[in-house]
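Q: dropping a prediction and its sequence here:
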Amino acid sequence: MINRTRRLRKTANIRRLVRENKLTVDDFIYPIFIEEGEYIETEIKSMPGIKRFSLDTVSKELDELTTLNIPAVLLFGIPSEKDDTGTETWSDDGIIQKAIRYIKKEYPSLYVITDVCFCEYTNHGHCGVLNDLEVDNEATLVNIAKQALSHAKAGADMVAPSGMMDGTISTMRAALDKEGYYDLPIMGYTVKYASAFYGPFRDAADSAPSFGDRKTYQMDPANRAVGQREAAFDDAEGADILMVKPALSYLDIVSDLKNNFDHPIACYNVSGEYAMIKAAAEKGWIDGERVMMESLLSMKRAGADIIITYFAKEAAKILKRS
C-alpha cells in the first residue's frame, strides 16, 4: 500500500478543512511613526508605502486601520528636539503622549501600544544614558520607569520596552503598580537580536547610533539558548507577552518560546524583512502578495500569536476578500 497524503490536497475545500494554521486580521499590530510638527506626511524611501505622520495628518491612516478592523497600533515617536538622555520621552507634552491622547479620544476602538525606548530621542542614538560611551543599565532603568509612567498617564493600553536593558520588566512593573496601573500590560521585547534587518527602521525613526553599535545590549544572532534565559527573566519579572525580534530569521526562537512558556508569543516582522519583499516585488522577481502572505503564515506556524508587521493593512485587505 502507498501512503497517499495527496488525497487531502486534491481540492481547495479539502485543503481548507485540514489547514493547521490560518492568518486573521486579529493577529496583527500595525506600527505607526508619529513626528512632531505639522503638515507632515512623508514616505520613508527604504520602506515603500510606509510614512511618517504628524498628528494633524494621521487621521487618514487611522481611518483605514479601523475600517480594516486591525485591532492595535504600536506607536513610535520622532521628536523635534533630542538630548543626551531622551528627556522628551517622559514629558507630558511629548509627541507620543499627545498621540496617545489623540488616538484614544478620536479612535477609541484602537488598542494603543507604545514603544518605550530612547534611541529616537537621544542625540547619540543609543537606547539609554551613556557613561564613557557605554549605555549605563541602571541609570537607564530610572528613565524607563519615568517614560512608562508618562505613557500610562496619557492613556496607553499597553507598553512595550524595546531597549534590552537588564531588569526592564521588573522596573516597569514596580513603577506602574506603585502608581496604581496594575492592569496595564507589558509586552517585552524579550528576545531582540542585534540584527542588520533594522536598517530601514533607523531611516524611519532617525534612530541610527552616532557611534558604535548595539551589540553590548542586543543579542548575538548566533545564540539560541540564551533566548530561553531572556524569556525566563521576562516571565519571572512580570511580562504579559513575550516578543521575538526580528521574525523571519528567528522562527526557531519563536517556536522555542511557544513550546516553553505559557504566554502569548509575539514576533516583529521588521523593516528590513518588509523592504526586501517590497524591493524584489518591484523588480518583478517575486509575487509580492504571495510572498508576503507566506511569510506571515510562517510566523503563525512557528507559534506566534501576535504579529507586528508593516504589511498589516495589505494583508488585512487580502484576508477580507478571500
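A: It's in.

Q: tally of neighbours for the nearest residue to Val112 once chain neighbours are set aside?
A: The shortest distance from Val112 to any non-neighbouring residue, by C-beta to C-beta, 6 or more residues apart in numbering, is to Asp157 (4.9 Å). C-beta here means a position set from N, CA and C on the backbone, and glycine is covered the same way. Neighbourhood size, Asp157 [other C-beta atoms under 10 Å]: 19.

Q: so who does Ser150 touch?
A: For Ser150, the contacting residues are Thr89, Trp90, Ser91, Asp92, Gly94, Gln97, by C-beta atoms under 8 Å, 6 or more residues apart in numbering.

Q: follow-up on the earlier one: right, and the residue nearest to Val112 touches Tyr111 too?
A: Yes. Proximity of Asp157 to Tyr111 meets the contact threshold set by C-beta atoms under 8 Å, at 4.9 Å.

Q: joint contacts of those two?
A: Common neighbours of Asp157 and Tyr111 (C-beta under 8 Å, 6+ apart) are Ala72.

Q: now do the same end-to-end measure for stretch 150-170.
A: 17 Å (C-alpha to C-alpha, to the nearest Å).

Q: below-threshold pLDDT in this protein: ranges please.
A: Scanning the chain for pLDDT under 70 picks out 85, 123, 125-129, 204-215.

Q: break down it into its strands, ranges please.
A: 28-35, 41-43, 51-53, 72-78, 111-116, 130-131, 134-135, 158-161, 187-192, 241-245, 265-269, 306-309 (DSSP state E).

Q: report how many residues lie close to the closest residue to Tyr274 other than its chain neighbours.
A: If the residues on either side of it in the chain are set aside, Tyr274 comes closest to Tyr310, at 4.5 Å by C-beta to C-beta, 6+ apart. By other C-beta under 10 Å, 27 other residues sit near Tyr310.

Q: dump the residue contacts of Tyr310.
A: Neighbour list for Tyr310: Tyr30, Pro31, Met47, Gly49, Ile50, Asn269, Ser271, Tyr274 [criterion: C-beta under 8 Å, 6+ apart].

Q: for the second one, list the residues it contacts.
A: So that's Pro31. Counting by C-beta under 8 Å, 6+ apart, Pro31 touches Val73, Leu74, Leu75, Phe76, Ile308, Thr309, Tyr310.

Q: try 7 Å
A: Pro31 makes contacts with Leu74, Phe76, Ile308, Tyr310, as judged by C-beta atoms under 7 Å, 6 or more residues apart in numbering.

Q: what does the last one give?
A: For Tyr274, the contacting residues are Met47, Tyr310, Phe311, by C-beta under 7 Å, 6+ apart.
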